[in-house]
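A.B. asks: Give me a 3D structure for the following:
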Amino acid sequence: MDSDEGFAKCGRAGATQDQDVEELLARHRQRVLRVLVGVTGSFSEAEVLWEATRCEARRALPQMQPGLAFRTWVLWVAVKACARWIEHQERSQQCLGAGSEIPTGRG
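C.D. replies: Next up is the predicted model:
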């Protein structure tokens, strides 16, 4: 089954839908992980983002447009996960930076 055929099968209701989605996700895992490691610089962070990508892909699959290659779509889902991760990292850094400005009451 090629990516487009598998994607079309995943969009249809059926007993094998979960298996089809997992098969396609497994097929594209390494490619997506390379992107995630490139963004995060950390394999462990990339693994966390991969799990987020898997969950989001499974949730959003019924909303995807026909004719879109699964590989392209799952990378798009991963990029969105990266954008959320970057925003979280920036907020964390702002909070840490702001913490140094909080008066402690000590002279």
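A.B. asks: How much space separates the residue nearest the centre of the chain from Glu47?
C.D. replies: Residue closest to the mean C-alpha point of the chain, counted by Cα atoms, centre = their mean, is Thr53 at 2.6 Å. The gap separating Thr53 from Glu47 is 10 Å, by Cβ to Cβ, to the nearest Å. All C-beta spots, glycine's among them, are computed from the backbone N, C-alpha and C.
A.B. asks: And Leu61, by the same measure?
C.D. replies: Distance from Leu61 to Glu47, by Cβ to Cβ: 21 Å.
A.B. asks: Compare those two (neighbour count), which wins?
C.D. replies: Per other Cβ atoms under 10 Å, whichever of Leu61 and Glu47 has more neighbours is Leu61, with 19 against 14.
A.B. asks: I'd say the more buried one and Leu24 touch.
C.D. replies: No. Using Cβ atoms under 8 Å, Leu61 is not in contact with Leu24, being 9.7 Å away.
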